[in-house]
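**Student:** only geometry, no sequence info:
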């Protein structure tokens, strides 16, 4: 099984020192049948006054950082190592209701999907509907 290393860096630079609000980071993938998280490292500069880890309702690992003081720069560096097993990405089951387009999602899926389905922009000519 291949071992992958993923490095993600985000840096914010400011003209003058600023105070930082609470930051929520989702940089750690979930373990699943085809991947296993081996190692994680998160470096935040300046160092947060407090950092805690929680799981959201979907099982995602979320880091919540709070800061004291002000700074010209804020940087996040995440490095993860994970083991991934080969899988045939084309070998998946399609629900019978989704074999024909357009289809409608079931009522039990709507609470999770509603914000994604909801129109963000007007469509006065109904081009999207067509």
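**Tutor:** Yep, it's here. Quick caveat, the model's predicted, so the values are computed rather than measured.

**Student:** middle-most residue in the chain, spatially?
**Tutor:** residue 26 (5.0 Å; C-alpha atoms, centre = their mean).

**Student:** what's around the closest residue to residue 105 other than its chain neighbours, how many residues?
**Tutor:** Computed as C-beta to C-beta, 6 or more residues apart in numbering, the closest residue to residue 105 that is not its neighbour in sequence is residue 113, at 5.9 Å. In this view, the C-beta of every residue, glycine as well, is placed from N, C-alpha and C. Per other C-beta atoms under 10 Å, the neighbour tally for residue 113 reads 11.

**Student:** offset the numbering so it begins at 22, please.
**Tutor:** Got it, first residue is 22 now, which makes that one residue 134.

**Student:** could you confirm residue 134 falls within a strand?
**Tutor:** No. According to DSSP: H, G, I helix; E, B strand; the rest coil, residue 134 belongs to no strand; its state is helix.

**Student:** tell me the spacing between it and residue 22.
**Tutor:** According to C-beta to C-beta, to the nearest Å, residue 134 stands 33 Å off from residue 22.

**Student:** low-confidence ranges in this structure?
**Tutor:** 108-111 (pLDDT under 70).

**Student:** repeat the analysis, applying 90 as the threshold.
**Tutor:** Within the chain, the stretches with pLDDT under 90 are 22-23, 50-56, 77-80, 105-145, 147-151.

**Student:** quick one: the strands in it?
**Tutor:** Secondary structure of the chain (DSSP state E): strands located at 24-40, 44-49, 56-66, 71-76, 82-87, 91-105.

**Student:** out of those strands, which gets nearest to residue 145?
**Tutor:** strand 44-49 (35.6 Å; C-beta to C-beta).

**Student:** no more questions from me, cheers.
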